[in-house]
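Undergrad: sequence first, then the predicted structure:
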Amino acid sequence: MSFELVRGMNDILPEDVGWWRLIERAIRDVARRYNYREIRFPIVEHTDLFTRGIGEGTEVVTKQMFTFPDQKGRSLTLRPEGTASAARAYLSHGLQANAPFQKWFYLGPMFRYEKPQKGRHRQFHQYGVEALGSLNPSLDVEVIAFAWTLMDGLGLGGLSLRLNSIGCSNDRDSYHEVLRAHFADAIDSMCSDCRRRYDENPLRILDCKEAGCRPHIETAPGAAEHLCDECVEHFDDVKSLLDHLGLAYEIDPHLVRGLDYYTRTVFELISADLGAQDSLLGGGRYDGLVESVGGPPTPGVGFAGGTDRLVLVLQERDAPIQPDRLDLFLASIGDEGRRLVFELAEQLRRAGLSVELDHRARGLRKQLTLANQLEARYLVVIGEDESVSGAGKLKEMDSGEELDVELTAATLVAAVKQGGGTK
Ligand code: HAM
């Protein structure tokens with residue numbers, strides 16, 4: 001019996017991991033510059049955290065969660081995103097009382113039961129940023145600037161920011177009525193999801209991708225036209241701060257995003273390099289989320305992007321990343337040579353060199369082929385003569401030059417380091 005990958009789950013093979021590390025390094029570097037500290041959430045949370053936090057009527061909650069009972073019958077869910085966990089962690093550690101302003105970033109796998117396709121998986125990976133504890137528009141703009149700096153640093157071209165404000169919870173009721181009035185005549189011809197959303201949460205209709213529903217959505221009035229004075233002021237401040245930073249944006253009156261916790265600012269960053277694929281990253285403000293999962297009113301703002309998608313964009317654009325070269329390959333002839341190589345490899349690794357040998361006890365020719373495949377910088381062959389004399393030749397693979405050396409760890413480390421093998 002052989003096992004296949006679970007649908008929508010992927011291995012990330014060693015030859016691709018370089019891309020992931022490149023992105024992770026870039027995120028850590030931008031996080032350092034903006035002073036966001038790393039947080040790591042568990043992968044499993046109580047299901048209620050997501051139903052209450054993300055919203056019962058959202059696609060993520062109704063259709064996409066991996067939910068299962070534990071041994072005691074409690075309902076658990078593989079996290080579909082990180083923001084609800086950020087709100088939960090904030091409360092679990094009493095931060096509202098002790099350290100109410102927090103700026104975090106995270107990296108890790110998320111799970112959504114979606115139809116797998118290019119750049120869309122059931123286990124995918126997000127990098128995300130959450131800032132809790134301030135209503136100030138400067139924080140919205142800092143989070144957007146973080147996203148922009150990250151993408152810019154990775155060399156992504158043609159960045160454009162789609163921006164909208166969907167107002168506070170007070171604005172929501174009146175906007176719902178505006179939307180119901182707009183869709184009233186068309187709703188019977190729209191999809192079954194939209195008909196359900198019409199009663200439950202008409203804002204969600206704006207997120208519908210069905211071709212038959214789109215024309216009605218495109219003429220719908222935007223949320224930003226129906227904001228209270230405070231939300232208008234907040235949105236104006238966000239726009240003017242973006243202007244000050246020179247970050248260009250386009251107002252998209254129908255951008256609402258797929259999760260219910262958003263209030264006021266919502267945004268997505270699009271790259272011309274991404275082509276027709278879905279958005280690279282998205283986020284917004286969520287001033288009611290902490291309260292909806294049992295805490296005091298606490299504002300927050302953040303974004304998350306899909307690492308898998310970013311890897312695809314970079315791979316389509318750039319030449320493969322060169323793996324780090326191996327410092328030294330130790331080839332052997334005969335049993336005594338093999339024993340010596342094994343011991344020497346261990347000493348050299350402890351001293352800091354990257355060293356490989358052939359674990360399959362094959363002939364010299366195959367070992368040399370392996371050394372070439374691994375692009376080793378240096379090669380030493382240890383046979384009977386070398387075992388007896390304790391001396392051999394260190395060959396620099398690129399130039400073919402050979403140096404007589406004593407076969408001790410100290411001499412080899414010094415010679416390889418002098419040749420620039422290990423920095
Ligand atoms: P989201 O838009 O649902 O927002 O997901 C953010 C990003 O995750 C998307 O833009 C996309 O790049 C990636 N993504 C989502 N689903 C998949 C999938 N099935 N396969 C591959 N990539 C995917 C959130 O998750 C919010 N928590 C963002 C946020 C943080 N808002 C405030 N703070």
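TA: It's in.

Undergrad: residue 132 bridge partners, please.
TA: Each beta-bridge partner of residue 132 is listed here: residue 102, residue 300, as defined by DSSP bridges.

Undergrad: dump the residue contacts of it.
TA: The neighbours of residue 132, taking Cβ atoms under 8 Å, 6 or more residues apart in numbering as the test, are 86, 87, 90, 95, 100, 101, 102, 104, 290, 298, 299, 300. All C-beta atoms are positioned from the backbone trio N, CA, C, and that covers glycine.

Undergrad: and for the last one, the neighbour number?
TA: Neighbour count of residue 300, defined by other Cβ atoms under 10 Å: 26.

Undergrad: and the fourth one, by the same measure?
TA: Residue 95: 18 surrounding residues under other Cβ under 10 Å.

Undergrad: ok, the third one next?
TA: Other residues near residue 90 number 25, with proximity taken as other Cβ under 10 Å.

Undergrad: would it count as being in a helix?
TA: Yes. With the criterion set as DSSP: H, G, I helix; E, B strand; the rest coil, the secondary structure at residue 90 is a helix.

Undergrad: that older thread, can you redo the contacts of residue 132 as TSV with pLDDT and distance to the ligand?
TA: Rendered in TSV, the data for those read as follows (pLDDT from 0 to 100; distance: Cβ to the nearest ligand atom, whole Å):
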residue	pLDDT	distance to the ligand
86	98	7
87	98	10
90	98	13
95	97	17
100	97	18
101	98	16
102	98	13
104	98	10
290	98	12
298	98	14
299	98	12
300	98	8
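
Undergrad: mind checking the SS state of the residue lying closest to residue 24 once chain neighbours are set aside?
TA: Once its chain neighbours are removed from consideration, residue 24 has its nearest residue in residue 107; the separation is 6.0 Å (Cβ to Cβ, 6 or more residues apart in numbering). With three-state DSSP as the basis, residue 107 sits in strand.

Undergrad: quick one, what contacts residue 107?
TA: Neighbouring residues of residue 107 by Cβ under 8 Å, 6+ apart: 24, 27, 38, 125, 126, 127, 128, 307.

Undergrad: what do you get if the cut-off is 7 Å, keeping everything else the same?
TA: Neighbour list for residue 107: 24, 27, 127 [criterion: Cβ atoms under 7 Å, 6 or more residues apart in numbering].

Undergrad: among these, name the ones in strands.
TA: The strands in this structure, assigned by DSSP state E, contain residue 127 from those.

Undergrad: if we take the contacts of residue 107, which one ends up nearest to residue 215?
TA: Of all the contacts of residue 107, residue 215 sits closest to residue 127, with 35.4 Å by Cβ to Cβ.

Undergrad: test my guess that that closest one contacts residue 308.
TA: No. Under the contact definition of Cβ atoms under 7 Å, residue 127 does not touch residue 308, with a separation of 10.8 Å.

Undergrad: neighbour-wise, which of these two wins?
TA: The residue with more neighbours, out of residue 127 and residue 308, is residue 127; 25 against 19, by other Cβ under 10 Å.
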